[in-house]
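Enquirer: Here's my sequence, what's the structure:
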Amino acid sequence: MKFPIYLTILLFSIPLLAAGTVVDDPNYQYQPNGFCGACHQEQLADYSQSLMGKTPHDKVFQQFYLGLNAGGEKDGMGYKSIHPDEPGDCANCHTPDIVLNEGQEMDLMQAIDKGSQGISCDFCHTVADVKVIHDPATGRYTTDINRVATRARGNTKRGPYDDAVSPAHNTALSPIHSKSEFCAMCHLNQEHLLSISTYADWKKAYDKGVVTQQCQECHTPTGGKDRPVAIGGKIRKADTIRRHLFHGGHSEDMLVKAATLKLQAHKKADMLVVDASVTNSGAGHTLPGGATLRNIILVVDAQDANGNHLQHQGGKQEKLPPLAGVGETARDFSGYPGKMFARPFVTETGMAPAGGFNADHELFNTRIPPGETDHSTFHFALPESGGGKVSARLIYRWTYKPMADKKDWTLEDIEMVRQAITVD
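Expert: This next block holds a predicted model:
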């Protein structure tokens, strides 16, 4: 196996630096991902297909920042629609290299124009520390990346191995890269409300002992066969090699492992009573996660023996809200028997959904903490004769359907789990 030409002159082992050695070179220029991928081919292939690898050029993200729909027209839904003359904090996490270089919040598009490589390989592996700054008196976090991230830009790359050597750069063991606090650099965002709460939700469960894993153990899983991490490197055990796919809410494989659903039904007086239990059995944070647009829909249906739908006789509290979709399509569930698990934000004037940048308060918060179970009850008319069937399914959406409809975004429904029971 040959090294790339620009590495052949460096074919010697560069020693591992002491873990506590932190030197930041302000004149250092981040290397492009392709440079790192010349040796770390598997990692680059994984990263490139991840959502993290697509930012900040992801069109949906840019449209939400700029307040545009998919056709490029202004739609009033986005950061710049509300704050046209302010940069906002979106660039903090989507173009962290440039924001940290400038030392202040920046307009996202200006950061891209300045050459941001997004959340790049070199950015992450030259971060030396991440601080979680929390004021217990107010309950608020300080999440400005200029306050929480410590960089060590230069030719030393930091990671989870204490015996790594490279012909291309120095290496240093970095305990923070294996801790959830590293992820808190971006998966925690304090605005008027805590608009991204993923780390805080995980930490609460972790401190209680409900969750024992760090974020990396689920979102950068190990596996495969024993292999080198870089071309020409030593063979490492597969259970020490973390994939860089960063799978989460957009991954069906992750979602089907996150929840369990149980149905029970009994007859009471002149009604069929259905009990639905949804358990957060697989996520180390709330279900759905900490971003305000994420939502999960429980849809419940009851039929008689001939397949006719039984009339729902429960109140409004047993029906899905407009955020589940208003319209005539099979995916518009507003008014259907069911429940939405989400934390939608509302503006001061009552508009929902809102982003963190214009939120005044929560409309509701029905997210399920790790290991906990939500119980809900639904009432239907009894079948005229014979038995019937009750079915339910959990559907994950990365944003609310009314927002996707207005912005003309493609929104897939990912079915997490489905269950059906018979009624005698």
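Enquirer: Give me the pLDDT value at Ile5.
Expert: Looking at Ile5, its pLDDT is 39.
Enquirer: Could you do the one 4 residues further on as well?
Expert: In the prediction, the pLDDT value recorded for Ile9 is 33.
Enquirer: same question, the one 5 residues further on
Expert: According to the predicted model, the pLDDT of Ile14 comes to 42.
Enquirer: Would you point out the helix or strand in this structure whose mean pLDDT is lowest?
Expert: Sorting the helices and strands of the chain by mean pLDDT, DSSP states H and E puts helix 5-8 at the bottom, at a mean of 38.
Enquirer: how is this protein carved up into domains?
Expert: As assigned by automatic domain parsing, the chain contains the domains 5-55+119-240, 252-423.
Enquirer: Next, format those as JSON lines and append mean neighbour count and distance to Ser81.
Expert: Every C-beta, even on glycine, is put in place using the N, C-alpha and C of the backbone. Shown next, in JSON lines, are these (neighbours: other CB atoms under 10 Å; distance: least, CB to CB, whole Å):
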{"stretch": "domain 5-55+119-240", "mean neighbour count": "17", "distance to Ser81": "16"}
{"stretch": "domain 252-423", "mean neighbour count": "18", "distance to Ser81": "9"}
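Enquirer: rank those by pLDDT, which is bottom?
Expert: Taking the mean pLDDT of the domains of the chain, domain 5-55+119-240 comes last: a mean of 92.
Enquirer: His244: neighbour count?
Expert: By the criterion of other CB atoms under 10 Å, His244 has 20 neighbours.
Enquirer: Name all residues that make contact with it.
Expert: Glu42, Gln43, Leu44, Asp46, Tyr47, Ser50, Thr220 (CB atoms under 8 Å, 6 or more residues apart in numbering).
Enquirer: wait, doesn't Arg243 sit right on Glu217?
Expert: No. The criterion here is CB atoms under 8 Å, and Arg243 misses it with Glu217 at 11.6 Å.
Enquirer: out of the contacts of His244, which are inside strands?
Expert: When the contacts of His244 are checked against strands (DSSP state E), there are no matches.
Enquirer: Tell me the one of those residues nearest Gly71?
Expert: Taking CB to CB as the measure, Ser50 is the one of the contacts of His244 closest to Gly71, at 26.7 Å.
Enquirer: Quick check: closest non-adjacent residue to the closest one.
Expert: Phe246 (4.4 Å; CB to CB, 6 or more residues apart in numbering).
Enquirer: Tell me how far the one you found lies from Ala324.
Expert: 28 Å (CB to CB, to the nearest Å).
Enquirer: Could I get the contacting residues of the nearest residue to Gln31 once chain neighbours are set aside?
Expert: Spatially, and ignoring its direct neighbours in sequence, Gln31 is nearest to Asp122 (4.7 Å; CB to CB, 6+ apart). By CB under 8 Å, 6+ apart, the residues touching Asp122 are Tyr30, Gln31, Pro32, Asn33, Phe35, Cys36, Lys157.
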